[in-house]
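Engineer: build me a structure from this.
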Amino acid sequence: MNSLEPLFFTSKTIKKEDIRSLIFAKLGFKVMDKLIMGLAKGNLTIVSGLPGSGKSIWLSQMALELVEQGEKVAMFSGELTSSIVLSWLQTQAAGRDKTIATDYADYFKVDNFTIDLINDWLEQQLFVYNNKYGNNHNDVLEAMKICIEQKGCRTIILDNLMTLDISKIPGNSIYEKQSGFFKLLKIFARDNDIHVIIVAHPRKPAGFLRVEDILGTADIRALADNIWLVHRVNDDFKRASKQDMSWKDGNSLYEFGNIVEIAKSRFNGSSMGSFVGFYYEIETKRFLSSRDEYKHYKWETEKDNLTFADTTVNMPFDL
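Structural biologist: Numbers count the residues shown, from 1 in each chain. Below you'll find the model as predicted:
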């Protein structure tokens, strides 16, 4: 125990702290930011959703939004290669007038000149873990620690829990090991003064996806500061929402392609249960707040100040 600290605080000894002072970045999605305020230091966020709901694409765009604000981001993708992760980022950053249709359905590419500009913008701002160094949870967190200390990253995105090897964590069951890992993540976020976002897949729900469907024990959900559920608006979603949520055919949320539900918010409990709709733009893999939304990222507006960067693979982080 620190002898300089009081054993109990009183109203006059508790340090006044404005919650807003903990927020270091916005998500970049206006409605979401208004509801949850943004990303806070020392916090842990769980993102969940059924396969194909758009979790990884949405987080990829969020990473771009953070870079746009001058933030540095470290990413672990257990299911995708670093090349695919970069390809998604390039397509999202390019914008619809910079994408080119191909002979493949719903697949668009970006010209090499634009790719070079985007890579230069992302250089030393966004770091993708090299999976050749393994998926052991200790190794991944140690690498993330290096990225925090040497690169100044304040946001860590782990996609996803199921691809991390947590077998060495004490516990008699996978659920106990997962619980132990989330406790480690919470301490990791707090001790390093960063925000950790982790994707946790749900079990297949009997009806409309709820927070209780996230794999693991209840204490995992209790440890999280935020929980966001990503839904894809398809026939199954409409059927389940009508059955379990009593939504009607005319519900305005049905016009969107994807919905993000705020299932938990540590700083703004009144936002819990809010649904934020997004239009999905196939050409750019972007989540849009309105159909005509078109954002220009700084790689384009500041391209005259950019010099081409070497984007070859660097260990242990690569783009």
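Engineer: so what's Met62 up against?
Structural biologist: Counting by C-beta atoms under 8 Å, 6 or more residues apart in numbering, Met62 makes contact with Leu27, Gly28, Phe29, Ile157, Ile197. To be clear about C-beta, it is placed using only N, CA and C from the backbone, and glycine gets the same treatment.
Engineer: of those residues, which pair is most distant in space?
Structural biologist: Spatial extent of the contacts of Met62 (C-beta to C-beta) is set by the pair Phe29 and Ile157 at 15.2 Å.
Engineer: ok, those two, which is more surrounded?
Structural biologist: Between Phe29 and Ile157, counted using other C-beta atoms under 10 Å, the more crowded position is Ile157 (28 against 20).
Engineer: how many other residues sit next to Thr45?
Structural biologist: For Thr45, using other C-beta under 10 Å, the count is 23.
Engineer: what sits against it?
Structural biologist: Contact analysis of Thr45 by C-beta under 8 Å, 6+ apart lists Leu39, His195, Val196, Ile197, Ile198, Ala224, Asp225, Asn226, Ile227, Trp228.
Engineer: closest one of those residues to Lys177?
Structural biologist: Relative to Lys177, and with distances defined as C-beta to C-beta, the nearest of the contacts of Thr45 is Ile198, at 14.4 Å.
Engineer: tell me the secondary structure of the closest one, please.
Structural biologist: Following DSSP: H, G, I helix; E, B strand; the rest coil, the label given to Ile198 is strand.
Engineer: who does it bridge with?
Structural biologist: Ile46, Leu158 (DSSP bridges).
Engineer: that one contacts Lys55, correct?
Structural biologist: No: in this structure, Ile198 is not within contact of Lys55 by C-beta atoms under 8 Å, at 10.8 Å.
Engineer: which neighbours do these two have in common?
Structural biologist: Between them, Ile198 and Lys55 share these contacting residues under C-beta under 8 Å, 6+ apart: Val47, Asp159, Asn160.
Engineer: now do the last one against Tyr175, distance only.
Structural biologist: What that stands for is Asn160. 16 Å (C-beta to C-beta, to the nearest Å).
Engineer: ok, the second one next?
Structural biologist: Noted for Asp159: a distance of 21 Å to Tyr175, by C-beta to C-beta.
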